[in-house]
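Novice: predicted structure and sequence below. I'll ask about it afterward.
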Amino acid sequence: MTNSPTSKTRVVLLAAGHGKRMKSSKPKVLHEVLGRPILGRILQAVDALRIEHVYIIIGHEAGQVKEYVESNPPATTFSLHRQSPQLGTGHALQQVVPDLGDFHGTLLVSVADAPLLSGATLSNLLSNHRQQQSVVTLLTADVEDAKNYGRIVRDEKQQVSAIVEDKDCTAVQKTIREINTAIYCFEWPAIADGLKALKNENVQKEYYLTDIVGWAYEGKMKTGAVIAHDWRETAGINSRIELSEASKSLRDIAVRRLSLDCGVTVVDPESTWIGPDAKIGQDTTILPGCVLFGDLEIGSHCTIGPNTFINGRVTVGDRTSIIQSNVSNSIIGNDCRIGPFAHLRDNNNISNNVRIGNFVEIKQSAIAEKTNVSHLSYVGDANIGSRSNIGAGTIIANYDHTTKRKARTVIGDNASTGSNSVLVAPIMIGDGAVVAAGTVATKNVPAGALAVGRVRQENKEGWNRPKD
Ligand code: UD1
Ligand code: CA
């Protein structure tokens, strides 16, 4: 058997289970932890290993899981394998056997319901497995509450001799506090016979992958165990309570990193939900009530919140404030003031020194520097130049409901629109042009021109309300 540091490694993720305890029509692995599905988080950890292939076992609601993986593919080459019916974790691993061919190497097998798992922990397990030249290496965890995890049974020499599922434990075994994380390294094909020989003679009548450990021990194969440095990282999600505990743990890790390593003030960690992918610069303050998910990059000396939701791919420059607002998939420059109550929907590019004020919605638009959209406006599918002023209540009518098409609006530099004006797209407003208050502009406005398109005011002098 080859087991050198150069031996090949493939990962198998077991994601076919029903997840009954979630009480959901959605497969368990698609439930989100801080804005990303459990499966997406574990695939991120797998990607960090840079191994040659990941096999993903799907079964319950396979269509939904397949769709998710295919539209959010990992960097690692992957294949999906159906397990139907789902007869247990050992049966799940058996599904990849026909595809392993003459593979010789390490199979890193993991449950897919442990969203906090890091690439570093997997990599540590893998290097221990290789250094010790083991056939089986387990990742175990010491916990205070062993819940219904499988218990690690060790012999008098402290060698792991078996894993016993909670439901199959004796009263004494129930007191064991070292649990099975269900993350293992197996040498293939050394364990092939053990996998084939699994039986379902247990309380749940399932083919338990855990039984391979006892099989390897009985067969005097080399087995090892690595204890996880933080049990929270390996926690499996079985219920909605555990899902919210995992979100909390992940949030705590992110807040700690941002506070201690990055110099970010998180005023109230308990009411702040920051995902692990957020990059935030020094001396930025996150006020209470913020939800910051996705691939975020926020600069230094910013103020975010209170009550701000940022999601997706968002980049924010330095010294920008975003108060009580929603931002998704957008770029915001330096020294901007956003909110309160602004909504930056997808694909905006907001330059430096821009002010987006109260009750303003911006979508698919680029706004150049020093432009203000301060109050009560809708800006959709527009390019606005620099130093322009979009007056209160300006609406860009970008949608033609007869053709069902969106049209673009282009506004130049130093232009201004008056209060309550409507710009019917497609339309161009030239540099320095002015659109008067209350105008419904349906034609292009040349540079420097004034567009007035409203009913002319008539004053009736000396007019008195008729008496009844
Ligand atoms: C499993 C382990 C237990 C361990 C715990 C750690 C077994 C028998 N038990 O228990 O020792 O302490 O994880 O979290 O392995 N799955 C399939 N096909 C199936 C059944 C399950 O792919 O037929 C997948 C699930 O989608 C899930 C994972 O395997 O991602 C674990 O299944 P789950 O039912 O959650 O097992 P646990 O009871 O938590
Ligand atoms: Ca589980």
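Specialist: Arrived safely. Ligands and ions are numbered 1, 2, ... in the order given.
Novice: from here on, just use CA atoms for contacts and neighbour counts.
Specialist: Will do.
Novice: have a look at this structure and report its longest helix.
Specialist: helix 240-262 (DSSP state H).
Novice: so which bits of it are buried?
Specialist: 243, 245-248, 250-255, 258-259, 262 (16 or more other C-alpha atoms under 10 Å).
Novice: the helix or strand that it is followed by - contacts with which helices or strands?
Specialist: Tracing the chain past helix 240-262, the next element assigned as helix or strand by DSSP states H and E is strand 265-266. Strand 265-266 is packed against helix 240-262, strand 285-286, with contacts defined by 3 or more C-alpha pairs under 8 Å, 6 or more residues apart in numbering; DSSP states H and E.
Novice: the longest helix of the chain and ligand 1, are they touching?
Specialist: No: Helix 240-262 is not in contact with ligand 1 by C-alpha under 6 Å from any ligand atom; minimum separation 11.3 Å.
Novice: repeat that for stretch 80-98.
Specialist: Yes: judged by C-alpha under 6 Å from any ligand atom, stretch 80-98 and ligand 1 are in contact via 86-89, 92.
Novice: confirm for me that residue 184 is in contact with residue 134.
Specialist: No: the criterion here is C-alpha atoms under 8 Å, and residue 184 misses it with residue 134 at 11.2 Å.
Novice: for those two, work out which one has more neighbours and name it.
Specialist: residue 184 (29 against 18; other C-alpha atoms under 10 Å).
Novice: sec struct for that one, please.
Specialist: Under DSSP: H, G, I helix; E, B strand; the rest coil, residue 184 falls in the strand class.
Novice: which residue is the nearest non-sequential neighbour of it?
Specialist: residue 138 (4.6 Å; C-alpha to C-alpha, 6 or more residues apart in numbering).
Novice: can you check residue 306 too?
Specialist: In space, residue 306 is closest to residue 287, 4.7 Å off (C-alpha to C-alpha, 6+ apart).
Novice: now do residue 227
Specialist: Per C-alpha to C-alpha, 6+ apart, closest to residue 227 is residue 140, 4.8 Å.
Novice: what residues does the helix or strand of the chain at the bottom of the mean pLDDT ranking touch?
Specialist: Within the chain, no helix or strand scores below strand 399-400, which has a mean of 89 by mean pLDDT, DSSP states H and E. With contacts defined as C-alpha atoms under 8 Å, 6 or more residues apart in numbering, strand 399-400 is touched by 405-407, 425.
Novice: same question for stretch 225-238.
Specialist: 19, 21-22, 28, 111, 113-118, 121, 125, 128, 137-143, 160, 181, 242-243, 246, 249.
Novice: out of the residues you listed, which are buried?
Specialist: Buried among those (16+ other C-alpha under 10 Å): 19, 22, 28, 111, 113-118, 121, 125, 128, 137-142, 160, 181, 243, 246.
Novice: among those residues, name the ones in helices.
Specialist: 121, 125, 128, 243, 246.
Novice: who's residue 327 bridged to?
Specialist: Counting by DSSP bridges, residue 327 is bridged to residue 310, residue 344.
Novice: hmm, back to that, dump the helices and strands packed on strand 265-266 to CSV, plus mean pLDDT.
Specialist: Formatted as CSV, these follow (pLDDT from 0 to 100):
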stretch, mean pLDDT
helix 240-262, 97
strand 285-286, 98
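Novice: looking at those, spot the one closest to residue 69.
Specialist: Closest of the helices and strands packed on strand 265-266 to residue 69 is helix 240-262, at 20.3 Å (criterion: C-alpha to C-alpha).
Novice: restricting to C-alpha, output that closest one in PDB.
Specialist: The C-alpha trace of helix 240-262 is given here as PDB (Å, rounded to 0.1, in the frame of the first residue of the first chain):
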ATOM      1  CA  ARG A 240     -32.700  24.300  13.600                       C
ATOM      2  CA  ILE A 241     -31.400  25.000  17.100                       C
ATOM      3  CA  GLU A 242     -28.000  23.700  16.100                       C
ATOM      4  CA  LEU A 243     -28.200  25.700  12.900                       C
ATOM      5  CA  SER A 244     -28.600  28.900  14.900                       C
ATOM      6  CA  GLU A 245     -25.900  27.800  17.300                       C
ATOM      7  CA  ALA A 246     -23.600  27.300  14.300                       C
ATOM      8  CA  SER A 247     -24.400  30.800  13.000                       C
ATOM      9  CA  LYS A 248     -23.600  32.200  16.400                       C
ATOM     10  CA  SER A 249     -20.300  30.400  16.600                       C
ATOM     11  CA  LEU A 250     -19.300  31.500  13.100                       C
ATOM     12  CA  ARG A 251     -20.300  35.000  14.000                       C
ATOM     13  CA  ASP A 252     -18.200  34.900  17.200                       C
ATOM     14  CA  ILE A 253     -15.200  33.700  15.200                       C
ATOM     15  CA  ALA A 254     -15.600  36.500  12.700                       C
ATOM     16  CA  VAL A 255     -16.100  39.200  15.300                       C
ATOM     17  CA  ARG A 256     -13.000  38.000  17.200                       C
ATOM     18  CA  ARG A 257     -10.900  38.100  14.100                       C
ATOM     19  CA  LEU A 258     -12.100  41.500  13.000                       C
ATOM     20  CA  SER A 259     -11.700  43.000  16.500                       C
ATOM     21  CA  LEU A 260      -8.400  41.600  17.500                       C
ATOM     22  CA  ASP A 261      -6.600  41.300  14.200                       C
ATOM     23  CA  CYS A 262      -8.100  44.000  12.100                       C
END
